[in-house]
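**Q** just to be clear, the model below is a prediction. Sequence and coordinates:
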Amino acid sequence: MMLAFFLSAAASAAPPDPAMLREGDIVVHKSRSTQSAALAAATHSPYTHTGLVFRRQGTWQVLEAVQPVRWTALADWVRRGRDQHIVVLRPKAPFDATKVRAAAEAYLGRSYDLLFAWSDDRIYCSELVYKAYDQAADLQLGALVPLSTFDLEPEPVQALIRQRVGRSLNRSEPVVAPASLLEDEDLHWVFSNDPAHAGR
């Protein structure tokens, strides 16, 4: 029955069945923000935005780092993504979801980090996910790597650098990309409605 649901969801790009979700699940989608083309080019992945799922006010909501860090209804979050494709990931190791939520909520209202720096003054989406799990559960999810690891040559990437940096780029800055969560072997794939992921 679950297989039938998965195949149906993949065909219709339907959101995940709420019954399969758990507090602290990680969601990733294909953002349609103005910077998404540059992020996709730099990471070689269309998946450019992520957040954390928790029950809030009787519904599933996503705590995400946009401008500013805030709560968004899961249904709205899914609709915002290109093709409404979504991947739901879950740590394989045990963790206390209450502590992860508290660590993430500490960043509520924080401004979005347009420069993707690793300080806590401002924060971006995958940084929020990484730091919440690192601080609350000692789990390092996603690959924290130097900026130089990414493909910085495509024109959309160069245009974003010119627009936001306008000076020498710190290629040693540690960065964690949403796409790296999809490759993390410490995360279990709970759901995907993207036909490209059929068989995962």
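**A** Cool, got the structure.
**Q** the residue nearest to the spatial centre of the chain: which element?
**A** For the chain, residue 50 is the residue whose C-alpha lies nearest the centre (Cα atoms, centre = their mean; 1.6 Å). Per DSSP states H and E: residue 50 is located in strand 49-56.
**Q** helices and strands around that strand, which ones?
**A** Secondary-structure packing of strand 49-56 (3 or more Cβ pairs under 8 Å, 6 or more residues apart in numbering; DSSP states H and E): strand 25-29, strand 59-65, helix 97-105, helix 125-137, helix 178-182. Using the backbone N, CA and C atoms, a C-beta is placed for each residue, glycine as well.
**Q** relative to it, what are the paired strands and their orientations?
**A** strand 25-29 (antiparallel), strand 59-65 (antiparallel) (DSSP bridges).
**Q** quick one: the strands in the protein?
**A** Assigned by DSSP state E, the strands in the chain fall at 25-29, 49-56, 59-65, 69-73, 86-91, 144-146, 174-176, 187-192.
**Q** what's the most buried one of those?
**A** Burial of the strands of the chain is given as mean neighbour count (mean count of other Cβ atoms under 10 Å); strand 25-29 ranks first at a mean of 26.
**Q** can you list contacts of it?
**A** Residues outside strand 25-29 that contact it (Cβ atoms under 8 Å, 6 or more residues apart in numbering) are 47, 49-53, 62, 74, 77-78, 80-82, 84-90, 129, 141, 178-179, 181-182, 187, 190.
**Q** need the per-residue pLDDT for the residue nearest to residue 37 when sequence neighbours are not counted.
**A** Closest residue to residue 37 apart from its sequence neighbours, by Cβ to Cβ, 6 or more residues apart in numbering: residue 156 at 4.6 Å. Per-residue confidence (pLDDT) for residue 156: 95.
**Q** how near is the residue nearest to the centre of the chain to residue 169?
**A** Residue 50 sits 23 Å away from residue 169, going by Cβ to Cβ, to the nearest Å.
**Q** and residue 108, by the same measure?
**A** 30 Å.
**Q** show me what residue 62 bridges to in the sheet.
**A** residue 53, residue 72.
**Q** surely it is in contact with residue 72?
**A** Yes. Using Cβ atoms under 8 Å, residue 62 makes contact with residue 72 at a distance of 4.9 Å.
**Q** between the two, which contacts overlap?
**A** With Cβ under 8 Å, 6+ apart, residue 62 and residue 72 have common neighbours residue 51.
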